[in-house]
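> The following comprises the amino acid sequence and a computationally predicted model.
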Amino acid sequence: MVKIQRAPTPERFVYFHPAFPEHSARLDPLRNFNRSSEVASRIATVIPGESASDPFKAFGQKSLDNIVQGLFALEQRPTLMKLRRSLEGGPGVLVANALERYGDQVLEPGWRNRAGLKGKDTESRAAALVRFYRESLQASHPNLDLEGLISMFEHDRAHFGKMVASLLPIMNMLTSGTLGPLLSPDPSDVDDKRPITDSARIIHNAQVAYLGLDSLSDGLVGNAIGSILLADLASVAGDRYNYGVDNRPVNIFIDEAAEVINDPCIQLLNKGRGAKFRLFIATQTFADFSARTGSEAKARQILGNVNNLIALRVMDAENPGLYHRQPAENPAEIHHAHPGRLTHSANPAVFSGNIGERLMEEEGDLFAPQLLGQLPICITSSSCRRAHRQGSTAGVALAPAQGNRPQPGQAEGSTVRKKDALEAWRSRHVRESRILAVLEIDWPGTQAVCRNAIDYVAQHVKDP
């Protein structure tokens, strides 16, 4: 972070991390939406449930949507803090304020006297306004959005508390302590000097955002934050796809993706290219996706929406083929040599030999999936090459070593492999190559001696 601050344009860097709230920007994950239902469905992604049709999850999403409609009636932007306040304290205040505002819009002045609101507390005033709406407004000026909020207000309070029991803990964790101002920023708070931003603003300003989740310290809260942010990005992608002009590409890198993967993220993988979103997800094993989504079919859907797959060391022995995308088997020439030797026991000096050869073509994998588990733990390209020299199976180096620049026409990051001089010589001298094959049987090391000889000649004897 210090290096970023010393950069020529440090204002292009956005930093967010729950463990360092004093250095973090304030991020509003509910800022971007096209329809009010998106806000409720965004939070519903983090509500625990046995399935997508879980009744508790559906009831929680419906309750959130009713509260959002009430906030819109008051021309207020929804935040996590406002939603939690209406869920815990009840929607009485919101119902009273929304109905009073609606009455001012559709009725003549003085209607409050007919509603009988004087001298009543908040709950009594809300009940009186609900009664007045049903008797005097519903027939002539119905409002379906407010009627959903009214039905929520009239719902049995004890039963309502049981139905949102799985939603309230998530809302409490996302709004408690330092997370409250971080995820529900208040622009009117002049004492808080931390910048306020959101996903759409970051993309519009071409900024670089580092969003840490601190999942190691608190996995539940970290997962919830990541899931809501991904849902917000999906909404931004939809807006860019529908209304964007000259959209610039957006690169999104998600490390430990299995911690935050959800349906909006899968939608981004599937349709994000239309909004010029490019996603890079990293995880440990396929089982992480299965455990997160609760379905192996859902986990396969994630891999199926990824265009390119780079597999390093894979210890998932049950499903090695998932990381091995081979569209068709590759033909390979198999050369079998059958040398033989016969000596006479009576006269050892008399011997005979023979050699037989057979050339076949077989179909097989270019790279066996089982070898993925034998790859070394490669942190740098030099460690990959060192593991290869020690006899381990090695893959492509991730970056060229210092002083080993790619040759002209070679892609950056690929490995320059030295051509085997002996193999090149044997390809041009078929008969001598067969003799070497026979000699190698009786005198192991013959090929190594020949290889060293060819290298020596290449270094010390100039070409004519």
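Done, it's in.
> Following element in sequence after the helix-or-strand element of the chain with minimal mean pLDDT, please.
In the chain, no helix or strand scores lower on mean pLDDT, DSSP states H and E than helix 381-389, which sits at a mean of 48. Next in sequence after helix 381-389, counting helices and strands by DSSP states H and E, comes helix 421-428.
> That following helix packs against which elements?
helix 430-442, helix 446-460 (3 or more C-beta pairs under 8 Å, 6 or more residues apart in numbering; DSSP states H and E). Glycine gets a C-beta too; all of them are placed from N, C-alpha and C.
> if we go to 6 Å?
Using 3 or more C-beta pairs under 6 Å, 6 or more residues apart in numbering; DSSP states H and E, the elements in contact with helix 421-428 are helix 446-460.
> Which residues in the helix it packs on does the neighbour count mark as buried?
446-447, 450 (16 or more other C-beta atoms under 10 Å).
> just how off-centre is it within its chain?
Per C-alpha atoms, centre = their mean, to the nearest Å, the displacement of helix 446-460 from the mean C-alpha position of its chain is 51 Å.
> Direction-wise, compare that helix with helix 421-428 and give the angle.
Computed by axes from the mean of the first three to the mean of the last three C-alpha atoms, to 10 degrees, the angle separating helix 446-460 from helix 421-428 equals 100 degrees.
> which outside residues touch the helix of greatest length in the chain?
Selection of the longest helix in the chain by residue count, based on DSSP state H, yields helix 219-243. Under the criterion C-beta atoms under 6 Å, 6 or more residues apart in numbering, residues 29, 32-33, 38, 42, 45-46, 170, 173, 199-200, 213-215, 247, 259-260, 262, 264-265, 267-268, 272, 274-275, 277 lie in contact with helix 219-243.
> Compute the number of surrounding residues for residue 176.
For residue 176, the number of neighbouring residues by other C-beta atoms under 10 Å comes to 11.
> Which of the contacts of helix 219-243 are buried, as a ChimeraX select command?
Applied in ChimeraX, the following selects the buried portion of the contacts of helix 219-243 according to 16+ other C-beta under 10 Å:
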select :29,32,33,38,42,45,46,170,173,199,200,213,215,259,260,262,264,265,267,268,272,275,277
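> taking the contacts of helix 219-243 one by one, which sit in strands?
residue 277 (DSSP state E).
> In helices, which of the contacts of helix 219-243 fall?
Per DSSP H, the contacts of helix 219-243 map to helices at 38, 42, 170, 173, 199-200, 264-265, 267-268.
> And the pLDDT for the residue of the chain most remote from its centre?
Distance from the C-alpha centroid of the chain peaks at residue 346, with 76.1 Å (C-alpha atoms, centre = their mean). The model reports residue 346 with a pLDDT of 73.
> Give the rounded mean pLDDT of the helix or strand in which residue 128 is found.
For residue 128, the host element (DSSP H and E) is helix 122-132. Over the span of helix 122-132, the pLDDT mean works out to 89.
> in it, what counts as buried?
Going by 16+ other C-beta under 10 Å, helix 122-132 has these buried residues: 125-130, 132.
> Give the other helices and strands that that helix contacts.
Taking 3+ C-beta pairs under 6 Å, 6+ apart as the contact cut, helix 122-132 packs with helix 92-106.
> One more pass at 10 Å, please.
helix 92-106, helix 111-115, helix 144-154 (3 or more C-beta pairs under 10 Å, 6 or more residues apart in numbering; DSSP states H and E).
> mean pLDDT for the ones you listed: which is lowest?
helix 111-115 (a mean of 82).
> Outside of that helix itself, list whatever touches it.
The contact list for helix 111-115 (C-beta atoms under 10 Å, 6 or more residues apart in numbering) reads 99-100, 103-104, 107, 117-118, 125, 128-129, 131-133, 135-137.
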